[in-house]
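Fold the stuff below for me.
(2 chains)
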Amino acid sequence: MNFHAPGQPRPYSNPYLTGVGLGLVLLTAFVVMGRGLGASGAFASSAAGVTAAIAPARAAASPLFARYLSDGGPWLDWLVFEIVGVAIGGFASAAFARRIRFAVERGPALGRNPRLATAFVGGAVMGFGAVLARGCTSGQALTGGALLSVGSWLFIFGTFASAYAAAPLLRRLWT
Amino acid sequence: MSAPLFDAGLFGDRGALVVALAIGGAFGWCLERAGMGSARKLAAQFYLTDLTVFKVMFSAIVTAMLGAFWLGRLGVLDLGRVYVPETYVVPQLMGGVVFGIGFALGGLCPGTSCVAAVTGRGDGFMLVAGMFSGVLVTGLWFRDLQPFYESSARGPFTLPQALHLPYGVVVLMIVAVALAGFQCATWLERRAHRA
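Predicted coordinates:
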């Protein structure tokens, strides 16, 4: 048993145990819903929703957005509710472990504003990649990986090969 | 009665959204517990000093893969009705390559950026904003991308089909690779901490 000073953030849990827990959550999604987890799909659905609110014709003209605008509409999408759950669950876990902290996480050699800029650009690049790949680390790597989809394993391979190839060039951001 | 339960008509579309909130909540909880809301921890995997991401991700994949395999074999889960992401060889490989560059730049992925943002990290918030903008812009110019997006389509295509091996053999191979990977990860972390 670990002892912690009151008010101090608790250490993170064992990665293997948490991974097994995460795997059981994913398995529950298969059993209950017949589908897996996701994250980038929620971004696509809300982007479709925002575009439809501002420029309905423009949204309908995008084959990517159009498919989120049918059925219950972009805001009642399964993944939108799931990602709201992710935010609630993540917040609750951090609050119980006293890990809520207002900060900008960055490498020791990088300033605060440059870090905010690289986070934004990194996110935008991932947004483009996730559309091309039809999902991200949740919908492709975890879900498709566990279901042995060839495309998902190609995504995993592509992601880690390029991230490890890019990392030495980006050393100043993180070390 | 065989799962998926949603297909068995136990609950409707509204019920499915409640399930989405609950499953998402458990997903977010696990991500935060493991420290995956921290960009520095995630980025450290690319410098081989902290391989938590690899350990969490592959334990999760192996657990869900074994669960789906055995529940299918026992007749509890009808795997034919679980949605397998369809394969588009070149766009998914290239999507992964682009995604990996963004991952190394931003230090978080779409799901973990949401956890980072709600636990107070400003960089997580900016990554969420960037991700949203990237998807928005790609969506607006999607027509130009569509021919490539739909190229090399293979439909639902799995590793057992591609390798001409039985499902159980591929499952066993992935378990073996993951266990070897965990040993490697531990060795790399030890080496990094000695240096």
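
contacts, neighbours, all on C-alpha from now
OK.

okay, stretch B:173-191 in CSV with CA atoms only?
This file holds the C-alpha atoms of stretch B:173-191, laid out as CSV (Å, rounded to 0.1, in the frame of the first residue of the first chain):
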residue,chain,number,x,y,z
MET,B,173,0.4,-14.7,-32.7
ILE,B,174,-0.7,-11.3,-31.5
VAL,B,175,-0.6,-12.4,-27.9
ALA,B,176,2.9,-13.7,-28.4
VAL,B,177,4.0,-10.4,-30.1
ALA,B,178,2.4,-8.3,-27.3
LEU,B,179,4.2,-10.4,-24.5
ALA,B,180,7.5,-10.0,-26.3
GLY,B,181,6.8,-6.3,-26.7
PHE,B,182,6.1,-5.9,-23.0
GLN,B,183,9.5,-7.5,-22.2
CYS,B,184,11.2,-5.1,-24.6
ALA,B,185,9.3,-2.1,-23.2
THR,B,186,10.5,-3.0,-19.6
TRP,B,187,14.1,-3.4,-20.8
LEU,B,188,14.0,-0.1,-22.7
GLU,B,189,12.6,1.8,-19.7
ARG,B,190,15.3,0.3,-17.4
ARG,B,191,18.0,1.2,-19.9
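
Please enumerate residues in contact with it?
Residues outside stretch B:173-191 that contact it (Cα atoms under 8 Å, 6 or more residues apart in numbering or on different chains) are B:48, B:49, B:50, B:51, B:54, B:55, B:58, B:59, B:62.

redo that, cut-off 10 Å
Stretch B:173-191 is touched from outside by A:16, A:146, A:148, B:45, B:48-52, B:54-55, B:58-59, B:61-63, B:65-66, B:169-170, B:172, B:192, B:194, with contacts defined as Cα atoms under 10 Å, 6 or more residues apart in numbering or on different chains.

average pLDDT for that stretch?
The average of the pLDDT scores along stretch B:173-191 is 97.

Quick one, which of the contacts of stretch B:173-191 are buried?
Among the contacts of stretch B:173-191, those buried by neighbour count (16 or more other Cα atoms under 10 Å in any protein chain shown) are A:16, A:146, A:148, B:45, B:49-52, B:54-55, B:58-59, B:61-63, B:65-66, B:170.

just the strands in chain B please.
B:87-88, B:153-155 (DSSP state E).

Longest helix in chain B, please.
In chain B, ranked by residue count with DSSP state H as the criterion, the top helix is helix B:167-194.

Disregarding residues adjacent in the polypeptide, which is nearest to residue A:79?
Closest residue in space to residue A:79, ignoring its immediate chain neighbours: residue A:42 at 5.0 Å, by Cα to Cα, 6 or more residues apart in numbering or on different chains.

Same list, the strands of chain B, but as CSV with mean neighbour count, distance to residue A:95 and mean pLDDT please.
As requested, the strands of chain B are exported to CSV (neighbours: other Cα atoms under 10 Å in any protein chain shown; distance: least, Cα to Cα, whole Å; pLDDT from 0 to 100):
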stretch, mean neighbour count, distance to residue A:95, mean pLDDT
strand B:87-88, 26, 39, 98
strand B:153-155, 14, 43, 97
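
Let me have these in CSV, extended by distance to residue A:30.
As requested, those are exported to CSV (distance: least, Cα to Cα, whole Å):
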stretch, distance to residue A:30
strand B:87-88, 19
strand B:153-155, 19
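
show me the contacts for residue 111.
Picking chain A for this. With contact taken as Cα under 10 Å, 6+ apart, residue A:111 is in contact with A:104, A:173.

could you do chain B instead?
Neighbours of residue B:111 in contact, by Cα under 10 Å, 6+ apart: A:37-40, A:42, A:83, A:86-87, A:136-139, B:27-28, B:31, B:36-37, B:128.
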